[in-house]
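Student: Give the three-dimensional model of this entry:
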Amino acid sequence: MSSSSAPRRISLALTLHNHQPVGNFGWVFDEIYEKAYLPMIEALERHPKVRLSLHYTGPLLEWFAAAHPEFLTRVRALVERGQVEIVGGGLYEPILASLPAADRVAQLRRMRERIKELVGVAPQGAWLAERVWEPSLPAALHDGGYRWTILDDAHFRAAAIPEDALWGAYLTEDEGKPLTVFGTEQGLRYRIPFGSVESVIEYLREHATPEGERIGTMGDDGEKFGSWPTTWDHCWGDGQWVEKFFTALEKNADWLATTTPSRWLDERGPIGRVYLPTSSYAEMGDWVLPPDESQIFGPMLHAAQDAKSPEARYLRGGFWRNFQVKYSEINDLHKQMLRTSAKVAAMPAGAEKLAAEDHLHRGQSNDCYWHGLFGGVYITHMRLATFEHLIAAEDIADGTYRRTNAGAALPALLTDLDLDGTDELQLANAGARLQIDPAEGGAITSFDLRAPHHALLAVMRRRPEAYHEKLRAHAKAEAAGTAASAASESGGVASIHDIVSVKEPGLAAKLQYDDYERRSALLRLYPAGTSGRAIADGAAKAIGTFTSTPWVLTAHDDRSATLTATQQIGGTTIAATRTIRLAGGRMDPTLAVETTLAHIGGPALSAVLDEEWNLMLLGGGGNPAAHWTAAGVRSAHDAPGKAEAGTSLLSGNDYLGIAVTTITSPETAAAWTPIETISNSEGGFERVYQGSSLHLVRGIEILPGATITVRTEHACGLSRDITAEEGLPS
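Tutor: Prediction:
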């Protein structure tokens, strides 16, 4: 029989990536388990001839073991009968490229050990979080015990691999350490499960060959099979897409073989060598761009793709690490992670170091080190959970330092902590860690409470996002009665990328942006008589500000710092001196800021002095545990409010065991307001509470040659020591 008339064959390797982030709510695990994870295992049990690979991240494996051990028993049975290959990766799903080299390998090895413990087989393949690839990764993956990974077709296109050559695996290396890379085929990813079953089968038939040497690889989110919007009914309800698909795979098994990457490599091996450039999936390259650039790049990319232009393969957008440029909050988090990693690495071996390493690795979970449709730094509870684990790891490391150095105080650290080219100052004691940035308006950029593992000042700035234009366009279309349907043009289920869903009316009108980072102890001056409410709401215009003025650090020790700055307020020159002190013990740390303003030139100044603090106490959604209490009256932490001068002011979270009493001298009026961003996610556009902005407002008059001094103290009363709850010394 000639090759032209021989039966045409092809193989299909599906890999489903299932992930829940560190810090996600338990009810989310429960819901997605019922909608996606459990139905897929049940479907595989009904179709024993369908082979595929499954990846479950560390938080999911941990949850399964605690909540549904019977699920792991069923997965293990599928593995033992050769139907399922379990895929590994970093234990807590970090972006490996963002980690120190030792942490990359540690995360990879811990995942292998955990999977072998749970299902009896050590994985050979690694899932790469968000498919963020850098050319140094083969060495880490090889050292971690892995032989292959899956990337997107975009990675291969950027390396000039032709479309027809994507139906196979390639070998790459770093430092002479080999790794096989498979590429997800875009046509499969877009069709499964959003196209018809028939279209998937026909697409594979079109790419089959007489030799049967091709493999179609698709690695994508398992949650798209039931938990993404509109997909449960499509996959498991009336649509029965998965059941129909698995049945079709079995029916066509004479020419369409389902397999796994490891099985394929054992039988076939790589088809060539490749060196892939730094890349991620196409959407990530768009998300990392500044909004204005994204508005240019996105339409250009889509137009090139629609026209099937050969240039489209080289349009990759931005570099993933630039999320640390786009969002100062991500940079803060990342640099804190790097410093914490170095501290943990320096610890002596033992149980405390193992506990610190686990917290560090949890704090490296990728979701809050970027922002896009499927995750990101705007997700408040996960951002705070990431900080929580980094604070915990550092607390354990610093506790070990104090005990091995006869209780010595933690030294002040003056260095470039955020790697922006200027030095910041870190002060720390047993109760808290404080960071001051002289170049950024003399602001306090972090105040971490050690006992509850809480980042008190971790508040996000409201900034423009490219997708805000989509929200505005949708609002205009709704007003005109021309809003598009969520159904796809082909009549099937729309991709999550195409759906425009708005969780409440009028969101576009609520878009607000900040022209500064949401730091704390920020000083501004407003016209005399300006109300605290107008300042808190952003309705007042400052006549002068120290927030954009670089301050000079003139003195510091292990517990305090003194900074100075000079500013012109109209025709008046004001010299400011600020002393910041960290005091108190583990369960009662205090932060005090004393500011003296001296009139050194020009006419007398009559104004309102505003001192802004941005506090995060997880008060979103009217959380009853989080509160403001002014003059004994309690209110929700995510609601606006005010307190008259002379009244007591307390903010806190009962569950976290945090109560912060704010004391001012002279007595000062206060106003506060919630900071809410408008973000897009797979669930649609929504308001997300990011923290509250507290404004301490004082009317002042400074005569020529005179000075005034104001003082603010935040006294923290803590009732929980989580480090102690974990059985570790603190």
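Student: you'd agree Val468 is in a helix?
Tutor: Heads up, residue 468 is His, not Val. Yes - with DSSP: H, G, I helix; E, B strand; the rest coil as the criterion, His468 is located in a helix.
Student: following the lowest-mean-pLDDT helix or strand in the chain, which helix or strand shows up next?
Tutor: Of all the helices and strands that make up the chain, strand 375-376 has the lowest average by mean pLDDT, DSSP states H and E, namely a mean of 76. Moving toward the C-terminus from strand 375-376, the first helix or strand encountered (DSSP states H and E) is helix 380-404.
Student: helices and strands around that following helix, which ones?
Tutor: Using 3 or more C-beta pairs under 8 Å, 6 or more residues apart in numbering; DSSP states H and E as the contact criterion, the neighbours of helix 380-404 among helices and strands are helix 328-345, helix 351-362, strand 443-449, strand 454-455, strand 684-702, helix 722-725. The C-beta positions use only the backbone N, C-alpha and C, and glycine is treated the same way.
Student: Ok, which of these comes nearest Gln512?
Tutor: Distances from Gln512 to each of these were compared using C-beta to C-beta; the shortest belongs to strand 684-702, at 10.7 Å.
Student: elements contacting that closest one?
Tutor: Packed on strand 684-702, when contacts are counted by 3+ C-beta pairs under 8 Å, 6+ apart, are helix 380-404, helix 532-536, strand 590-601, strand 605-615, strand 658-665, strand 669-681, strand 707-718.
Student: if you set the cut-off to 6 Å instead, what comes out?
Tutor: Counting by 3 or more C-beta pairs under 6 Å, 6 or more residues apart in numbering; DSSP states H and E, the packing neighbours recorded for strand 684-702 are helix 532-536, strand 605-615, strand 669-681.
Student: Report the angle between that strand and strand 590-601.
Tutor: Angle of strand 684-702 versus strand 590-601, following axes from the mean of the first three to the mean of the last three C-alpha atoms, to 10 degrees, is 50 degrees.
Student: Give me the buried positions along strand 684-702.
Tutor: Counting neighbours by 16 or more other C-beta atoms under 10 Å, one finds that the buried residues in strand 684-702 are 684-698, 702.
Student: do the same with stretch 705-724
Tutor: The neighbour-count criterion (16+ other C-beta under 10 Å) identifies 708, 710, 712-718, 720-723 as the buried residues of stretch 705-724.
Student: Out of those residues, which comes closest to Glu70?
Tutor: Set against Glu70, the nearest of the buried residues of stretch 705-724 by C-beta to C-beta is Ile722 (30.6 Å).
Student: Could you chop the chain up by domain?
Tutor: By the assignment in automatic domain parsing, the chain contains the domains 3-278, 522-725.
Student: possible to save those as TSV with distance to Ala392 and mean pLDDT?
Tutor: Written out in TSV, the entries for the domains of the chain read as follows (distance: least, C-beta to C-beta, whole Å; pLDDT from 0 to 100):
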stretch	distance to Ala392	mean pLDDT
domain 3-278	12	96
domain 522-725	7	96
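Student: Output the ones you listed in JSON lines, with distance to Leu338 appended to each entry.
Tutor: Putting the domains of the chain into JSON lines (distance: least, C-beta to C-beta, whole Å) gives the following:
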{"stretch": "domain 3-278", "distance to Leu338": "7"}
{"stretch": "domain 522-725", "distance to Leu338": "22"}
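Student: As CSV, could you dump the C-alpha coordinates of stretch 181-201?
Tutor: What follows is the C-alpha trace of stretch 181-201 in CSV, where atoms were taken according to Å, rounded to 0.1, in the frame of the first residue of the first chain:
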residue,chain,number,x,y,z
VAL,A,181,9.3,21.1,25.6
PHE,A,182,5.8,20.5,24.2
GLY,A,183,3.8,23.3,22.6
THR,A,184,0.0,23.7,23.2
GLU,A,185,-1.6,23.9,19.7
GLN,A,186,-3.7,27.0,19.5
GLY,A,187,-6.4,25.5,17.4
LEU,A,188,-7.0,22.8,20.0
ARG,A,189,-6.9,25.3,22.9
TYR,A,190,-9.6,27.5,21.2
ARG,A,191,-11.8,24.5,20.3
ILE,A,192,-11.6,22.6,23.6
PRO,A,193,-14.2,22.9,25.0
PHE,A,194,-15.7,26.0,23.3
GLY,A,195,-16.1,24.5,19.8
SER,A,196,-18.2,21.6,18.8
VAL,A,197,-16.9,18.1,19.4
GLU,A,198,-17.2,17.5,15.7
SER,A,199,-14.9,20.5,15.0
VAL,A,200,-12.2,19.1,17.3
ILE,A,201,-12.3,15.7,15.7
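Student: Residue numbering should commence at 196 henceforth.
Tutor: Sounds good: first residue 196 from here, last item stretch 376-396.
Student: ok, and for that stretch, which residues are buried?
Tutor: Applying a neighbour-count criterion of 16+ other C-beta under 10 Å, one finds 376-384, 386-392, 394-396 buried in stretch 376-396.
Student: same check, this time on stretch 841-850
Tutor: Using 16+ other C-beta under 10 Å as the burial criterion, the residues of stretch 841-850 that qualify are Leu844, Leu845, Ser846, Gly847, Asn848.
Student: want to throw the helices and strands packed on strand 879-897 into JSON lines with mean neighbour count?
Tutor: Compiled in JSON lines, the helices and strands packed on strand 879-897 are given as follows (neighbours: other C-beta atoms under 10 Å):
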{"stretch": "helix 727-731", "mean neighbour count": "21"}
{"stretch": "strand 800-810", "mean neighbour count": "23"}
{"stretch": "strand 864-876", "mean neighbour count": "21"}
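Student: quick one: contacts for Ile775?
Tutor: By C-beta atoms under 6 Å, 6 or more residues apart in numbering, Ile775 lies in contact with Ala756, Val788.
Student: Who does it form a beta bridge with?
Tutor: Ile775 has the following beta-bridge partners by DSSP bridges: Ala756, Val788.
Student: where does the residue most central in space within the chain land on pLDDT?
Tutor: Central residue of the chain (C-alpha atoms, centre = their mean): Cys563, 1.1 Å from the mean position. Listed pLDDT for Cys563 reads 96.
Student: Ramachandran coordinates for the nearest residue to Ser743 once chain neighbours are set aside?
Tutor: In space, and not counting its chain neighbours, Ser743 is closest to Gly636: 6.1 Å by C-beta to C-beta, 6 or more residues apart in numbering. The phi and psi values for Gly636, taken as degrees, to the nearest 10, are phi 70, psi 20.
Student: Near Gly636, how many other residues are there?
Tutor: Applying the criterion other C-beta atoms under 10 Å, we find 24 residues in the vicinity of Gly636.
Student: likewise the one 5 residues further on?
Tutor: Here the number of neighbours of Ser641 (other C-beta under 10 Å) works out to 24.
Student: Using JSON lines, please lay out the buried residues of stretch 841-850 together with distance to Arg645 and secondary structure.
Tutor: Shown next, in JSON lines, are those (distance: C-beta to C-beta, whole Å; DSSP: H, G, I helix; E, B strand; the rest coil):
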{"residue": "Leu844", "distance to Arg645": "24", "secondary structure": "strand"}
{"residue": "Leu845", "distance to Arg645": "20", "secondary structure": "strand"}
{"residue": "Ser846", "distance to Arg645": "19", "secondary structure": "strand"}
{"residue": "Gly847", "distance to Arg645": "17", "secondary structure": "strand"}
{"residue": "Asn848", "distance to Arg645": "16", "secondary structure": "strand"}
